[in-house]
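J.: Show me the folded form of this:
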Amino acid sequence: MKGRQAVGRDAAPRFLETTVALEKKFLEGRQNRAEELESAVRYFLEFLQDLDDFVQFDHFFVRKVMLVKYSNAFVVLPGGFGTLDEVFETLTLIQTCTIEQFPVILMGSEFWSCMTEFFEKSLLAEKTIDPDDVRLFRITDSPQEAVAFIRDVERQDTGQG
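T.: Numbering: from 1, shown residues only. Got it, this is the predicted structure:
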């Protein structure tokens, strides 16, 4: 698969479920609209799978640049090495002020708890990161909390809050 990056089809059902839950929260009280959105998200995922055959990056770093450049927030689901790579690279770019800080939300407290334990027992204990660095992300199990956090940051950024 030289020059191709997978869309992560095995993660699609979890992505869809979380995306729909987040969007439904945005659209509280609009049941028909939420059902339309769920259908649109399903269509979009099918489109991404088809698009994967046409949109190819010859270099992995280009894909990563595109991912970060056009993001206003990251909502990260449990994943493998690729997920960890993208989380840590994004946190490093924020930590070093290479990119503007934006919400990084890790969904699934049970999954991410070992990472935060490692940060506290190893990185903070050895002073290889600053205590403020562990505030660069938020962990939650609640799509509602994730949405509220993104909205709060957006309001602060636009001077509305």
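J.: Helices along the chain, start to end?
T.: 12-26, 31-51, 60-69, 81-95, 109-118, 143-158 (DSSP state H).
J.: tell me what the fourth one is packed against?
T.: Here helix 81-95 touches helix 60-69, strand 74-76, strand 104-107, going by 3 or more Cβ pairs under 8 Å, 6 or more residues apart in numbering; DSSP states H and E. From N, CA and C alone the C-beta is placed, and that goes for glycine too.
J.: Let's have these in JSON lines, adding mean pLDDT and mean neighbour count.
T.: Shown next, in JSON lines, are the helices and strands packed on helix 81-95 (pLDDT from 0 to 100; neighbours: other Cβ atoms under 10 Å):
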{"stretch": "helix 60-69", "mean pLDDT": "76", "mean neighbour count": "13"}
{"stretch": "strand 74-76", "mean pLDDT": "89", "mean neighbour count": "19"}
{"stretch": "strand 104-107", "mean pLDDT": "93", "mean neighbour count": "20"}
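J.: Would you mind giving these as JSON lines with distance to residue 138 added?
T.: Listed next are the helices and strands packed on helix 81-95 as JSON lines, based on distance: least, Cβ to Cβ, whole Å:
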{"stretch": "helix 60-69", "distance to residue 138": "18"}
{"stretch": "strand 74-76", "distance to residue 138": "10"}
{"stretch": "strand 104-107", "distance to residue 138": "5"}
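J.: nearest to residue 84, of the ones you listed?
T.: strand 74-76 (9.4 Å; Cβ to Cβ).
J.: tell me what the closest one is packed against?
T.: Counting by 3+ Cβ pairs under 8 Å, 6+ apart, strand 74-76 packs on helix 81-95, strand 104-107.
J.: do that again at 6 Å, thanks
T.: strand 104-107 (3 or more Cβ pairs under 6 Å, 6 or more residues apart in numbering; DSSP states H and E).
J.: returning to what we had before: to residue 96, which of the helices and strands packed on helix 81-95 lies closest?
T.: Comparing the helices and strands packed on helix 81-95 by Cβ to Cβ, helix 60-69 comes nearest, at 12.8 Å.
J.: Can you tell me which helices and strands that closest one packs against?
T.: Contacting helix 60-69 under the criterion 3+ Cβ pairs under 6 Å, 6+ apart is no other helix or strand.
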